[in-house]
Every structure is written in C-alpha cells, then in structure tokens.
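# Predicted model and sequence follow; I will ask about them next.
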Protein chains: 2
Amino acid sequence: MRTCYTGDVNKDHLDQTVTLFGWVHRRRDHGGVIFIDLRDRAGLAQIVVDPDNVAAFNTAEHIRNEFCVRITGLVRLRPEGTSNPELASGGIEVLCREIEILNPSVTPPFQLDDDNLSETTRLTHRVLDLRRPQMQRNLMLRYRVSIEVRKYLDNLGFIDIETPMLTKSTPEGARDYLVPSRVNAGQFFALPQSPQLFKQMLMVSGFDRYYQITKCFRDEDLRADRQPEFTQIDCETSFLNEVEIREIFEGMIRHVFASVQNVALPASFPTMTWEEAMRRYGSDKPDLRVKLEFVDVGDLMRDVDFKVFSAPANDPASRVVALRIPGGASMPRSEIDAYTKFVGIYGAKGLAYIKVNDAAAIPEGLQSPIVKNIHVDVLAQLIERSGAQSGDLIFFGADKAKVVNDAIGALRVKIGHSDFGKDNGLFEAGWQPLWVVDFPMFEYDDEEGRYFAAHHPFTSPKDGHEDFLETDPSQALAKAYDMVLNGWEVGGGSVRIHRAEVQSKVFRALNIGAEEARDKFGFLLDALQYGAPPHGGVAFGLDRLVTMMAGAESIRDVIAFPKTQRAQCLLTQAPSPVDEKQLRELHIRLRSPEVKAAQ
Amino acid sequence: MRTCYTGDVNKDHLDQTVTLFGWVHRRRDHGGVIFIDLRDRAGLAQIVVDPDNVAAFNTAEHIRNEFCVRITGLVRLRPEGTSNPELASGGIEVLCREIEILNPSVTPPFQLDDDNLSETTRLTHRVLDLRRPQMQRNLMLRYRVSIEVRKYLDNLGFIDIETPMLTKSTPEGARDYLVPSRVNAGQFFALPQSPQLFKQMLMVSGFDRYYQITKCFRDEDLRADRQPEFTQIDCETSFLNEVEIREIFEGMIRHVFASVQNVALPASFPTMTWEEAMRRYGSDKPDLRVKLEFVDVGDLMRDVDFKVFSAPANDPASRVVALRIPGGASMPRSEIDAYTKFVGIYGAKGLAYIKVNDAAAIPEGLQSPIVKNIHVDVLAQLIERSGAQSGDLIFFGADKAKVVNDAIGALRVKIGHSDFGKDNGLFEAGWQPLWVVDFPMFEYDDEEGRYFAAHHPFTSPKDGHEDFLETDPSQALAKAYDMVLNGWEVGGGSVRIHRAEVQSKVFRALNIGAEEARDKFGFLLDALQYGAPPHGGVAFGLDRLVTMMAGAESIRDVIAFPKTQRAQCLLTQAPSPVDEKQLRELHIRLRSPEVKAAQ
C-alpha cells in the first residue's frame, strides 16, 4: 500500500522506504541515470533509477510519459545545489528500489504542461486535461469550498434536504429543459431552474433552516461563461429579517475565504442600496476595486447649446454623467479613441471628454472638442462638482439611462483594470465584497408592455411598499439583496412573501391572472394559507465563486465535465441521436423531416 | 430573536424569559386557562396563557391549530404531577407574556397526528404532511447520515466532484430519461443512471479518491419502493484492491450507525461468496437475522419414486432443498396452507413438507403426504442431513433453481419474521451486515440468447478468470461485492477494468461489437489507454439506507417530495402538459393524435 501521496514525500521520510503510486510526468536520462518526475494529485517527486539496479533500470527504460507506475524506494536528500524549492518534495529524492508498470500509456495528444491548448482539444481530451496540475488544484479548491460551506451551515443548524430534479414546468423566467414522461403520455417534467418553491415549502413545513448544493438548469443561449447546468448553494431560513439573513451568509463567505484561502474578508460587508449603486457606478454589481465614480451633471446641462447633452438632460428616462479620471489628461489620443469604440459596444454614440490641463483656468485650461459649446459658468460647475484637478480627464455619458449606465459603467471598470488605471492608483487589488439592497420589485418591459419580477415573483416588498403593488408597481422596492464581489454577483436572495394575499397582489401586478396563478402556483398559494412562517434565503453560484477564488478564466475551468457554448460534451458526444424505439416509448417524434434526415 | 428551538426549552432556562417561534400543535382551555402545545422542528413545549394577561389571552383565544406564532414568556416548573417525561421540555412550561400571530392558518385537511392517512392525501398535502414529527425526524436523520458520510470520506481524502446531469444516452441496462436538445436539433441528453463512467474517468485523471451524493435516474416501471430519481452515495478509489475497498466502506457504514444512531455494527463485516449465499439462503442478499438455512438434498432424491423430487434432482438447472423449521411440527395445517399459497407467488407449484414428530422413528414418526413415496433410507438420510429433531418441520423446494431460490428464500424470510419465528428463536433482532462477494461476471438471458453483465460491463474479472471471458463466460467470476444489511442490498460495487484490452474482451462476451463499443463507450476505451490506474468503488442507495435506519415503511417516508407509483408529484402536479411553443423549440411533437387530443 501507498506510504503517502507522491507530492507529499518530504524530509520527514528521510532514510525510509516509501511506496508511491503515480504517473510519469517526465523522464530524463542524465549521466547514465534515469530521473522520473512522478506525479499524483498532491504534486511531484523526483525518482532516481540507478543503472546498478538492473531490473528497475530496464523497466524504467521502457517507461514513457503518463505511464501509471508503483515505485518503492529510499528517500534521501538531493545532492547539494539540486533541490527544488518550488516543490514540497523538492529537498529530497527517492532512490528507486522497485518499479512496476501498472498500466502503460500511448503517447498523449498533447503535453500536459502546454498552456496554449485550444478549448476544443482540452474538452475532447478532458480526461488528460484534468490531469494538469492546475485543473487538479481547481477541482480540489471547489471541493474545499463546498465542504467548508457545509461545515459552516451545519454548525448553524441548517440541514441539507434534497428537492426533486423532475419537477413542473412553469414557463416564467428562463427556458426549461423538458423531460418527456413515458408513463403519463403527452406530459413533461422540467428540470429545476432553482429549488425556489420547494425550499419555501420546506419552510412552511417547519424545517426552519435548509440548504442544498444542487444542480440547476436553464436552457438559455450560452454566453461566454454560462453552462446549461450549474451549481447553486441554495439556502433558506425562517423567522429572520433581511439583516439577520445577510449576516449569516456573509459569515459563510467569510468562513470560506478564511478556511480555504486564508483570506480575511471585512468583518462586516458594506451595504449599498440599488439606487445608490446605479447612481455612483451605473451598475447593480459595482467592482469596488475601481476607484472611479459617476457624477450626475444632467441638471447643469439642461440649457447648454449642445443637443448631445441638453436632450438627455431634459429627458427623465435619460441620464448625463461625468466620470473623472485622475491623471487622465496624459492619456494619449489613441487610448481615448479606443475607449470611444469600446463604449459603442454598449450603444453609446460617442464619448465626450474634457482634458483638464489647468483646473484654475477656465475655459482655456480645458482641452476638448466640446468646450466651445458649453458656457464657461457651466464648465466651472462641472469642474467643481466632479472634483477635477489639473491633469485629470473627464469622460461624459449622455443618453438613455440604460445606455449611460452600461457604457460608462463598463468604461469605469475597463479603465480601472487597465495598465493606466493600475499605474495611477485607480485600482485597489484584493477582495471587495458588498451587499446591494433595496432592489426594485419590478422591471417594466417596454416590448411586452408589462412588469416583470426583478428578482422573482415570490420576493417580499419592503415594509410600507405593499400598497405600491396596486397603485404604482414601479415604486415598490423589494426585500432583495445581492452579494457582489469584485464586480460579480456571487449570490442573491430575498425575504419571501409569506402571506397568500400579498402573493396574489404580486401576481396581479405581474399580470398573472387568478386562474393562471392557481394553475401554475396553486400549491404555493395553498401552502401559504397554513401558517407559513416569515422566511427568506439566498442562493450562491458555486461555479462563479470558485472561478473567482481560483483566479480561473472561465467557469469551465472549475467544472470537471463542462459543456461547450453549443451545449455539447465533447468527451462523451452528448447530446446524441437516440433510437426510434425510445422516442416511441416517450410518445414523441422528431419534428421536421430535415431533422429526421440528419439522423 | 429566538432564544432556542421550542422543543429544546428545558430546566436550564428556568426563571428566564424566552422567545419561541413555532406552530400551534394543540390548544386547550382548562379551568379558564389556555394551554398551547407549541411545536417546531425540535419538538413541543407547553405554553400557559393566563387570563390575567388580557392582551395575550385575547390573542390566544383566536388561535387555532397550525397558526404560526411568536411567544415570549417565563420558563417555570410544571405543577407537581403534570410533567411529561416523554418531552425534553416536559418538566417545564412557559408562562406566556406576549403572543404574536405571525400567520394564521385555515383548518388543515387532516389532523397531524392522524396515523391512518392515505398516501394520496399525504402526498397531495405534502407541505402539511412534512410537519408531522415523524417526517421531521426522518429527514433530519437523512441529513445526519449524509453529513456523517461526508465527514468520514473527507477524513480519508475523498473529494466530492460533481459529474454532469445532462449526459449521453447509452441504452444498456435500464431505460433512460431523455432531455431533448434545443440547440442540437434532433439530439437528446440522458439523465444519468449513475455517474459510473464519469467517476472512472476521474480516476484515470488522477483524482485518486472521489465521492458524490447524487441523484440518479431510471425510467422503470415503479415497483413498490422505487422512485424515478433516487440518491446514490457514489464512491471510487484508485490503487486499492477489493479487500481494501470493502474495508473503507464498511468503515463508513459503521461510522454512520455509530455517530447517527449510537449503534455499534460488527468490527468486521462477515464475507460470503455469492455461491455460498445462493446455496445456503437462495438469495444474494440473505437476511441473516433469520436463523434458517437451505440444505441441498438433490443427490438423495435422484432415484425416489416421486417425480416432483426426482425430475429436478436429475436436472442440472434445477435444485432440491430442505428447509428445517425447528419446532415447526406444532405449526397448524392452516399456516402450512398459507405458506403453500405464498410460495406460489414465486412460481412454486406446491410446498412439500414433513412433520418430524419423532426423529428416531422412521418412517412412522414422520407425518407427511409424501413420506409414502420416499424410501425409508432416503428419509433417514434427509433427517440426518437436515439435522431435524423431534418436533421440527421440514419444507421442501424442488424446481428450477431460480424458482426454488426465490420461493424457499422468501419462505425462509417470512417464517423468520412471523410470530412463530420470533417465538421459536428463529429471528435474532438487530443489524446483520454482510458482504456478498465473487459474483458471476455474467447472467445468461434465455430469451435474448446472450449474456448480460451481472453488475455492469466495467467490472473486472477475478484474477485468473480473464480467459473465461473468451472460453466460457458463465464460469467467470467478478471482483464485485454487495453490502447486504438485514436482507437488503444497501450498496454494491466492484473493482473496475483498467486495461482497454480486458474491457474489449468483456464487450465481446456481451455481444457488443467493436463498432458499437466505440460508438457508445469510445471515450472510456480511449481513457483506459492513457495509463489508467487500477481502481474500484461502490455505490450506496441513500434512500434505502435511511429508510432502514428510520424504521420507515417506504422510501417515500424519507424523501421530502417523492413521486407516486405513477411517477407523479401530487403536490405540484408534475409532469404536466407544456406549450406547443416549447415543443417546437425542442424540435419534437407529440406522437399520437389521441395524446394531443387529451391535451
């Protein structure tokens, strides 16, 4: 049996005989001696095979990369000057006594330490890709995160209760994955988009504190970093208010960072209303590492002789903001041009700016194509309100509020993360968590001409906002909260509605009629009638959280067997055609003749 | 905020003011005072509302069963003679100071303590059903089992790695649940029947020790205690042999029983070959609590003048066994008749027996319709071999081996569990774990005229049995093992094939051609070529394990939201019809006009 993991052999084993299992990471011949870097999930160790040991040497000569072997040998110090401080085992080597090939390997299609592999190659050969030390570390990290989440929640009396995977389709929100029923002809299960209603029903059942680390499913067009199935840390508790719930779960994230990565997050996470976040950062998930803020200047621009500014300044659905870039006056024209192009992605039609060469000399100290269009008094007020100093640059956004928020919000982040931003102290590295609270209950959809739930339809309005549900839904704020970390929403939740009549009012505000509500959510409305407790919860996206902690580029790097953006598994070739017999049993047939022909 | 759970208030809180949240389990007026049994997940506490406290009393008068309330009050001793030793809180009561109705309840459709509810009622009103203390205890127990499993495995270096839910359909074994792909028209995902191949690939990737507590899916006709989705404790490890693997996982079960239920299972579980289990008990999952065993007597019966015995005794595919029932001579004829009927369920055409009134007087001391057909020498040998004593009864099974094993095996268990069995020391209560090992690799299917994998096609043959794969598959034994507990298979596993050429041989023995093997399992065959390590594992059925530990009647009692035997969720009404638009997006249509019309 194994003495310990290969990567864990160290000076404590000096002069001991150890047995190691692992894979040949590299083999080299040097001065008639064979050196093997043996690898397992814990890391590497150097094995020395001396030609004196004829049997072992002969075997070692046949060994190639990725062979799986058992090695027995004596642990000794590496010769002076050859130790490798980057490895736990770097001070020692194992003098091979016996070597057994447990399984040979054909030549791998790529080198494991090649960092320039295409994603297609990596996902097609995922079994080998997962041998790469970085992927091993990522999945270990993911595991440590999940087990520490469990420990924390277990300590607080949360219990893991499994909810169904074969559930009811409720076409609200995202598109469902459907599962045809064989026994109930013509009917379908849906895979859960979240266990939302089940966890609420568990609260009504009196379980008090629930959690689950569970798969959720959304059949959406996959953006760069989405997966058809993703993992949620899903939690719910009864009898606590919004603040108490947030305290529990920021504690959970603090515990995870402290225990897994030895990182101390703030003892209390700052809280910001949605309104303030949108005002200051144009985003409901601001990256607080970036030390730049929006300054609203619409009121100053109402009467300027420059339609680009005055039109939005006079439109309540629009917004005019300044974004001061300290030291930005030194930015070359080419960089400004690049940013102008960049904001175009978000629908901005241009990117006005003022270089503040001398803040005390207005207007001649200001360099900009637009200065001539703006009265000197307004310029002075702009400089004052934005706090611009000599040497700064001010960018402007003026458009529909959504365009300004998206474009200037993205610009803010891009500049902060740029070399310029880092060189000029506009970016503070580290972890910057934040709660964004007091979200609106509803968002109005112009196309469909109705309100949609900003969070989900089971979110409680703030105290005192219940009447807005009937008078002016746009005014209603919700007991909803998102945890934001470095510009990513890592979790979100809300206090739920626990009274049937409030739930009915929300359905009405969403234009869901009584009959439709009963048809889709009757079981929830029923449940609420039986003394449902006040309750609320949160769900964290495990994939995203681990991606950030791992410093990985994509959530696909923290998922063992992910799908491509075409929702395919390149390893197993799923999805795939199925037998006609299977379809017949499920009472379905393929739709178009072309699809059938393609089979 | 809550002082503690309602069920946890006790004498330590004496003279303290506590705040409790919970549900009104029962309210009674007694001598002008209102008593409320308040309930939460931890249990009950008695609340006393005195008429002197006018505000609280008025509120309490309006309170009905299942109202959700907050109560603040003073903990005091119950008056002498009124304490309830069955409750943790039974020595105290809470004198109500303040009571707040958090949410009223309409009258529930049934009393929570009604033990005679139909399953339909319980599953339709599952939210209330789950409030029943027994269901709360069951799901808490399930949670404790799962968290202790995790602790044990974590300590041994197993890591939880999530495998996909949207996988490839491989129509071997059970029927798949299919999920139509929207992006890849005409193609389908399958929900996993188990993560078998993914966990093997994780071993090839070098993760060394894996576990997952995960949902698996089988679209089978539901027997009494099956669910379309069920939960598996799924484990795999590299570099260990069969015995080492079993030691780890019997340790896990020992840990779970010790930590969750304070039950000490044997320090080492007995091991029995499949052959021995079938021979002695007619079952590969014998209930060892039952102290009855088969005795093969075919060799004695070959020449008897009684075809019922002699025909099977001369047929190699048949079996003749005796089952001695100590003290059974006192069994009334009616009971024997009932057993005769019972074995008929399993295909037995009758149930021969001999009452041994006097074991020393052969044949006159033997009472049986068949004695006259059997030579006295044979009778003497039967008595001797079966070990029958005066006062015993011997049942006989003689038929195709499967019929005998099923019928007499079931009879053995039934008699053991009967009042007769318990009164006569044929049943030993407690937990009787057992490993059944050395399963055959293959079972021959007469109808299809080919071999099927007894475990699954990735199971390794025993050392020395590899040649049988090509010469005589029926002789090949497998490195497969089942953990049996009180007659239930709670887990099973095997050492896997880690060499591609052995895997190919097994596919050939299973009549899976090279092309088909590559099409279905190419990714596995590829993976095995890259230095796959020796590996093996096990999977436990969590639902079944917890059902047994809870002493529940059905796995539906340890699953929060189970499906009926028609695979329906009575609470949410899943499955259900879906919109035509959804089907169109998935490139499918309903098959028969009748099905469509039924929509």
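Looks like it arrived, so ask away. Numbers count the residues shown, from 1 in each chain, chains lettered A, B, ... in the order given.

# Identify the residue spatially nearest to A:Leu586, adjacent ones excluded.
Excluding the flanking residues, the one nearest A:Leu586 by C-beta to C-beta, 6 or more residues apart in numbering or on different chains is A:Pro180, at 4.1 Å. Every C-beta, even on glycine, is put in place using the N, C-alpha and C of the backbone.

# residues in contact with the one you found?
A:187-188, A:586-588, B:178, B:180, B:588 (C-beta atoms under 8 Å, 6 or more residues apart in numbering or on different chains).

# same thing with A:Val490?
A:Val490 makes contact with A:253, A:483-484, A:540-541, A:544-545, A:548 under the criterion C-beta under 8 Å, 6+ apart.

# element containing the nearest residue to A:Ser368 once chain neighbours are set aside?
Sequence neighbours aside, A:Ile354 is the residue nearest to A:Ser368 in space, at 4.1 Å (criterion: C-beta to C-beta, 6+ apart). Under the criterion of DSSP states H and E, A:Ile354 resides in strand A:353-356.

# Which strands and helices lie in contact with the next helix or strand after that strand?
Later in the chain than strand A:353-356, the nearest helix or strand by DSSP H and E is strand A:366-367. Packing partners of strand A:366-367 (3 or more C-beta pairs under 8 Å, 6 or more residues apart in numbering or on different chains; DSSP states H and E): strand A:353-356.

# can you list contacts of the strand it packs on?
A:328-329, A:336, A:365-368, A:370-371, A:379, A:382-383, A:388-396.

# A:Gly328 - nearest residue in space that isn't next to it in sequence?
Distances taken as C-beta to C-beta, 6+ apart place A:Leu393 nearest to A:Gly328, at 2.7 Å, with adjacent residues excluded.

# where does the stretch 1-150 of chain A dip in pLDDT?
Of all residues in the stretch 1-150 of chain A, none has pLDDT under 70.

# ok, which stretches of it are helices?
A:54-62, A:119-124, A:126-129, A:133-155 (DSSP state H, counting those that start in this stretch).

# Now distance to chain B and mean neighbour count too, for these, in a markdown table please.
Shown next, in a markdown table, are these (distance: least, C-beta to the nearest C-beta, whole Å; neighbours: other C-beta atoms under 10 Å in any protein chain shown):
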| stretch | distance to chain B | mean neighbour count |
| --- | --- | --- |
| helix A:54-62 | 13 | 15 |
| helix A:119-124 | 9 | 16 |
| helix A:126-129 | 4 | 23 |
| helix A:133-155 | 4 | 20 |
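
# Quick one: the ones you listed as a markdown table, columns for distance to B:Arg223 too.
Listed next are those as a markdown table, based on distance: least, C-beta to C-beta, whole Å:
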| stretch | distance to B:Arg223 |
| --- | --- |
| helix A:54-62 | 53 |
| helix A:119-124 | 39 |
| helix A:126-129 | 36 |
| helix A:133-155 | 33 |
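
# what about chain A, any weak spots by pLDDT?
Along chain A, the parts satisfying pLDDT under 70 run over A:171-172, A:224, A:593-599.

# Could you break it into its assigned domains?
Per the TED database, the structural domains of chain A span A:6-103, A:134-269+A:539-581, A:290-424, A:433-533.

# neighbouring strands for the top strand by length along chain A, and are they parallel or not?
Ranked by number of residues, the top strand in chain A under DSSP state E is strand A:17-30. Strand A:17-30 pairs in its sheet with strand A:33-40 (antiparallel), strand A:68-77 (antiparallel), by DSSP bridges.

# hmm, back to that, wait, doesn't the residue nearest to A:Gly328 sit right on A:Met331?
Yes - if you go by C-beta atoms under 8 Å, A:Leu393 and A:Met331 touch, sitting 5.8 Å apart.

# Which one of the two is surrounded by more residues?
With neighbours defined as other C-beta atoms under 10 Å in any protein chain shown, A:Leu393 and A:Met331 compare such that A:Leu393 has more, 23 against 18.

# who's in contact with the residue nearest to A:Phe309 when sequence neighbours are not counted?
Setting aside the residues directly before and after it, A:Phe309 is nearest to A:Met301 in space (C-beta to C-beta, 6+ apart), at 4.1 Å. Neighbouring residues of A:Met301 by C-beta under 8 Å, 6+ apart: A:309-310, A:312-313, A:320, A:378, A:398.

# and of those, the nearest to chain B?
A:Pro312 (38.0 Å; C-beta to the nearest C-beta).

# Confirm that the closest one sits in a strand.
No - counting by DSSP: H, G, I helix; E, B strand; the rest coil, one finds A:Pro312 to be helix, located in no strand.

# my guess is it meets A:Val403, correct?
No - because the distance of 9.2 Å does not satisfy C-beta under 8 Å, A:Pro312 is recorded as not touching A:Val403.

# These two: who's more crowded?
Higher neighbour count among A:Pro312 and A:Val403: A:Pro312, with 24 against 20, using other C-beta under 10 Å.

# So what's the residue count around the closest residue to the more buried one other than its chain neighbours?
In this structure, A:Pro312 finds its nearest non-sequential neighbour in A:Ser318, 3.4 Å apart by C-beta to C-beta, 6+ apart. A:Ser318 has 18 neighbouring residues, counting by other C-beta under 10 Å.

# Please state the backbone phi and psi of A:Ser318?
Per-residue torsions, A:Ser318: phi -110, psi -180 (degrees, to the nearest 10).

# in the sheet, who's paired with it?
With DSSP bridges as the rule, A:Ser318 is bridged to A:Lys400.

# give the contact list for it.
Here A:Ser318 is in contact with A:298, A:311-312, A:398-401, A:404 (criterion: C-beta under 8 Å, 6+ apart).

# ok, it to A:Val378 distance?
Distance, A:Ser318 to A:Val378, by C-beta to C-beta, to the nearest Å: 18 Å.

# and if you look at A:Gly344?
26 Å.

# Pick out whichever of the two has more residues nearby.
Between A:Gly344 and A:Val378, counted using other C-beta under 10 Å, A:Val378 has the larger neighbour count: 19 against 13.

# Are we agreed that that one is in a helix?
Yes - membership of A:Val378 in a helix is supported by three-state DSSP.

# How many residues are close by A:Pro192?
A:Pro192: 24 neighbours (other C-beta under 10 Å).

# Go ahead and confirm it touches A:Pro164.
Yes - under the contact definition of C-beta under 8 Å, A:Pro192 touches A:Pro164, with a separation of 7.2 Å.

# tell me the phi and psi of the nearest residue to A:Gly391 once chain neighbours are set aside?
Computed as C-beta to C-beta, 6+ apart, the closest residue to A:Gly391 that is not its neighbour in sequence is A:Ala329, at 4.9 Å. Phi and psi for A:Ala329, reported as degrees, to the nearest 10, are phi -60, psi -20.

# residues near A:Ala329, how many?
Counted with other C-beta under 10 Å, the burial measure for A:Ala329 works out to 21 neighbours.

# Next: the one 10 residues further on.
When neighbours are defined as other C-beta under 10 Å, A:Tyr339 has 22 of them.

# With A:Thr231 instead?
23.

# Report the buried residues of stretch A:104-119.
By 16 or more other C-beta atoms under 10 Å in any protein chain shown, the buried positions in stretch A:104-119 come out as A:104-105, A:108, A:110, A:112, A:117.

# Revised request: answer the last question for stretch A:548-565.
Applying 16+ other C-beta under 10 Å to stretch A:548-565 flags A:548-550, A:552, A:555-564 as buried.

# same question, stretch A:473-486
Across stretch A:473-486, burial judged by 16+ other C-beta under 10 Å covers A:473, A:476-486.

# ok, now stretch A:396-409?
Quick answer for stretch A:396-409 (16+ other C-beta under 10 Å): A:396-399, A:401, A:403-409.

# need the strands for the stretch 351-500 of chain A, in chain order.
With DSSP state E, counting those that start in this stretch as the criterion, the stretch 351-500 of chain A has strands at A:353-356, A:366-367, A:392-400, A:433-437, A:442-445, A:450-453, A:480-485, A:488-495.

# what would the ones you listed look like in TSV with distance to A:Gln232?
Below are the strands of the stretch 351-500 of chain A laid out as TSV (distance: least, C-beta to C-beta, whole Å):
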stretch	distance to A:Gln232
strand A:353-356	42
strand A:366-367	51
strand A:392-400	33
strand A:433-437	19
strand A:442-445	22
strand A:450-453	18
strand A:480-485	13
strand A:488-495	9
